[in-house]
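Q: can't give you the sequence, but here's the structure:
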Ligand SMILES: [Cu+2]
C-alpha cells in the first residue's frame, strides 16, 4: 500500500476510534443532554413557526359541554370552540332566534362522536355530524363556517351513544341507542324490561343543499345496550356494525349484572336492504318514525357473538374486516365480512334472538389478538400500511399490531387511561399513517393543579415509523370521547357570508335601516358596521330604539362589513341578552321588553379602534 494512503487510513481510523470513545464517554456522563436532544427533536416535530399553519384539523368531542373542540395538528393548539348542543355566550349561540329555536330549549348536550361527511369513503370536509347522548339529538356543523346549521331531535331513543357514523357517501348517519326504553314515550315498570323496553337505531339523512336532517327510518331491536358502531367500506359498504352489551337484560347494578355472559353480540345491519323494506312499506309508524321490526321483516339484520361487553367496533380501511375491542375481555377480535356474508348466504345460524339470526362465532371470526398484559382494549384506528392501533384503558397504552398477521409490533404508554384514539384520516378508506392522538380519561398529576378535579389529557404519537413515538401530552377540557383528524386541504372555509339582498330581514344600505311597529311587536331592521349601530336611518338618533314595556322586540341585525374577521357583538345591558353577527350575516334577537328603563346596547366583539364607541340605547317606556 502507498505509505501516504496508509497514514491517511490510520489517521481516519484513529480519529473514528477517538470519536467513538468520546461518544461512549460523553454518553455516559451526559444522559440529561441526550434526553434534552430527544425532547428537542420531539419539539421540532410539532413546532409551527409564526406565519405557518398546522397540517391537520382535529375535530374533537367536547363531551357534556355539548361543544366541538377544534385543534390544529401536530401543534395540538386549540383553535376554536364551536357550540353545538349548548348555548354559548361568547358567540351568542342559543340567544339569537335561529340558534335558540335549534336548541329547542335544552341547556346542555352530551356530544360524543364527531363524524365528518364522506364521499367514496373519504372525509370530504363539508359537514360534521354529532350525537347528543344527553338529549337524543343529532347536529350538523357546516365546515364552511364552523357554524351549527341543523339539530334534529330523535324520537323513541334513550341516548344515541353508538353514533354517529356515516356510510361511505353519507347516504345515512346512523345513531344506535345506548339505554333501552319503552317506545313512544310509554310507561312500563322495570320488571317488564325484557318485553316492553326496546333498543332503537335511528337512520337519518342529511340534505347538503338545504342543510337539513330527515329521519329516514328507525329499527326496533332487543333491549340490549348499543355501545359503538361503524359503517362498512368498499365490499362491505352496504353494512353497519354495532357492538352490544347488557344482553343479560340487567335493570340494576349493571357493573355486575351486565357482565355475566361470556359473549355479547355485534349486530350487522344491511342498510340497503332496510331501505328496500321501508320503500315496500314494511314498517309501523311509531311516534312519527317509520319503525322496522326484525321479528316481522327479516333478511337485513344479523348478530355475531363477541367477547363480553365490547366497546369499539371498527371497519378496516379496505372494508374486508371489522375489529371488536374487548373492554372486559383483553383482546381484539378480527372478523371477516366475507365469512359473515358466506354464512348468511348458506343460512348457517346457531340461534335466533328477537327475530335476528345469530351466526356462529367460529364461522365469522378470523383471529383473536391478545397482547400479554394489555388490558381494556377500547377502540381501533388504522394506518396506511395494514396496521391497527388499539387504546388500552386499563394498562394505559397504545398497541400497534398487524391486521393480516396479528403480530404485535409496538407498545407505547399513554398518560393515562385512553378511551378512543384518532389517527390522521383514520376512519376513511385511506388513512395516511402520520399521527395518532389518544384521548385520555385521566391525566393524574401531569399538569399544574387546578384543585381536586384534574384536567383530562391527550397524547400525540408520531406513527410514521415502524415504532410509535410519544411526542407530548396536552390537557383538555372534559370530555375527550372521540375525534376525527382531517387534512387542512379538505376544509374550505368562507371568509364572509355572501351579500344576499334577498335574504329575509337583511338590510344592506344604511338608508334602509328602519323600525316598524305592528301592534305590540317592534321590528328593528338594523345594521352593524364599524363602528356604529344604525337602527333607524331617518331618526335624530339612529342608534336608539324606544319601545313600550311589554312590547315584543325583534332586532334583525345585518353586519355589512364584508371584511374577514370583522364580527360584531350585540349585548343589551341588564337584559341578559347577547348575540353576534359575523361579516355579511343577518341574525335576529327576539325578546319581550318586560323591564322598563334605559338599557345601553354595545358591541361585545372587539371590532375596531372605535369599538368602545359602538353603542346605543334601548329605551323602554313604562306602561
Ligand atoms: Cu363592533
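A: Yep, it's here. Worth saying up front: this structure is predicted, and the values here are computed from it rather than measured.

Q: please name the residues that touch the residue of the stretch 451-600 of the chain found nearest the ion.
A: Closest to the ion within the stretch 451-600 of the chain is residue 568: 3.7 Å, counting by Cβ to the ion. In short, each C-beta sits where N, CA and C put it, glycine included. By Cβ atoms under 8 Å, 6 or more residues apart in numbering, residue 568 lies in contact with 528-529, 557, 559, 561, 580-581, 603, 605, 607, 614.

Q: got the residues of the protein near the ion?
A: 568, 603, 607, 614 (Cβ under 5 Å from the ion).

Q: how about 8 Å then?
A: 528, 530-531, 566-569, 603, 605-608, 611, 614 (Cβ under 8 Å from the ion).

Q: follow-up on the earlier one: any chance of the contacts of residue 568 in a markdown table, plus neighbour count?
A: Formatted as a markdown table, the contacts of residue 568 follow (neighbours: other Cβ atoms under 10 Å):
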| residue | neighbour count |
| --- | --- |
| 528 | 29 |
| 529 | 18 |
| 557 | 29 |
| 559 | 26 |
| 561 | 22 |
| 580 | 24 |
| 581 | 30 |
| 603 | 26 |
| 605 | 22 |
| 607 | 21 |
| 614 | 24 |
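
Q: got the contact list for the helix or strand residue 389 falls within?
A: Following DSSP states H and E, the helix or strand that holds residue 389 is strand 387-392. With contact meaning Cβ under 8 Å, 6+ apart, strand 387-392 is reached by 316, 323, 325, 332, 374-383, 398-403, 409, 414, 418-421, 423, 433, 436, 438, 463, 468.

Q: ok, residue 147 - contacts?
A: 82, 141.

Q: show the pLDDT at it.
A: The model reports residue 147 with a pLDDT of 98.

Q: quick check on residue 193: phi, psi?
A: phi -50, psi -50 (degrees, to the nearest 10).

Q: list the contacts for it?
A: Residue 193 is in contact with 180, 223, 249, 251, counting by Cβ under 8 Å, 6+ apart.

Q: need the nearest residue in space to the third one, chain neighbours excluded.
A: For residue 249, the nearest residue in space outside its immediate sequence neighbours is residue 194; the separation is 4.9 Å by Cβ to Cβ, 6 or more residues apart in numbering.

Q: correct me if wrong: the one you found contacts residue 247.
A: No - counting by Cβ atoms under 8 Å, residue 194 does not reach residue 247; the two are 11.0 Å apart.

Q: with neighbour numbers in mind, choose between those two.
A: More crowded of residue 194 and residue 247, by other Cβ atoms under 10 Å: residue 247, with 21 against 12.

Q: can you tell me how far that one is from residue 419?
A: Using Cβ to Cβ, to the nearest Å, one obtains 22 Å as the distance from residue 247 to residue 419.

Q: same check on residue 144?
A: Where residue 419 is concerned, residue 144 sits at a distance of 30 Å (Cβ to Cβ).

Q: settle it for me: which of these two has more neighbours?
A: residue 419 (22 against 15).

Q: residue 83 is in contact with residue 67, isn't it?
A: Yes - contact criterion Cβ under 8 Å: residue 83 and residue 67 qualify, at 5.3 Å.

Q: returning to what we had before: now distance to residue 278 too, for the residues of the chain next to the ion, in a markdown table please.
A: Shown next, in a markdown table, are the residues of the chain next to the ion (distance: Cβ to Cβ, whole Å):
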| residue | distance to residue 278 |
| --- | --- |
| 528 | 47 |
| 530 | 53 |
| 531 | 55 |
| 566 | 47 |
| 567 | 43 |
| 568 | 46 |
| 569 | 46 |
| 603 | 50 |
| 605 | 46 |
| 606 | 51 |
| 607 | 50 |
| 608 | 54 |
| 611 | 54 |
| 614 | 53 |
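
Q: which of those lies closest to residue 234?
A: Among the residues of the chain next to the ion, residue 567 lies closest to residue 234 (Cβ to Cβ), at 42.8 Å.

Q: number of residues surrounding that closest one?
A: 20.

Q: list the contacts for it?
A: Residues near residue 567 by Cβ under 8 Å, 6+ apart: 559, 580-583, 605, 607.

Q: just the helices from the chain, written as ranges.
A: Shown for the chain, the helices assigned by DSSP state H span residues 3-29, 31-46, 97-103, 193-196, 254-257, 271-279, 337-346, 361-364.

Q: the closest residue to residue 617 other than its chain neighbours: how many residues sit nearby?
A: Nearest residue to residue 617, sequence neighbours excluded (Cβ to Cβ, 6+ apart): residue 544, at 4.5 Å. Here the count is done by other Cβ under 10 Å, and residue 544 has 17 residues near it.

Q: residue 455 too?
A: Neighbour tally, residue 455, other Cβ under 10 Å: 17.

Q: list the contacts of it.
A: 443, 447, 475-477 are the contacts of residue 455 under Cβ under 8 Å, 6+ apart.

Q: if you rank those by neighbours, which is first?
A: Busiest of the contacts of residue 455 [other Cβ under 10 Å] is residue 476, holding 22 neighbours.

Q: for it, give me its contacts.
A: 60, 69, 439, 455-458.

Q: now the stretch 1-150 of the chain against the ion: closest residue?
A: Scanning the stretch 1-150 of the chain for the residue nearest the ion gives residue 92, at 12.7 Å (criterion: Cβ to the ion).

Q: you'd agree residue 60 is up against residue 483?
A: Yes - in this structure, residue 60 is within contact of residue 483 by Cβ under 8 Å, at 3.9 Å.

Q: common neighbours of these two, please.
A: What both residue 60 and residue 483 touch, as defined by Cβ under 8 Å, 6+ apart, is the set 71, 114, 422, 439.

Q: sorry, back to before: where does the residue of the stretch 1-150 of the chain closest to the ion land on pLDDT?
A: So residue 92 comes in at 95 (pLDDT).

Q: equivalent analysis for residue 308, please.
A: 85.

Q: I'd say it and residue 259 touch.
A: Yes - here residue 308 reaches residue 259: they are 6.4 Å apart, a contact under Cβ under 8 Å.

Q: overlap in contacts, those two.
A: residue 328.

Q: for the ion, what is the nearest residue in the stretch 151-300 of the chain?
A: For the stretch 151-300 of the chain, Cβ to the ion, closest residue to the ion: residue 211, 27.2 Å.

Q: typed the wrong thing, it's the stretch 301-450 of the chain
A: Closest point on the stretch 301-450 of the chain to the ion, by Cβ to the ion, is residue 450, at 33.2 Å.
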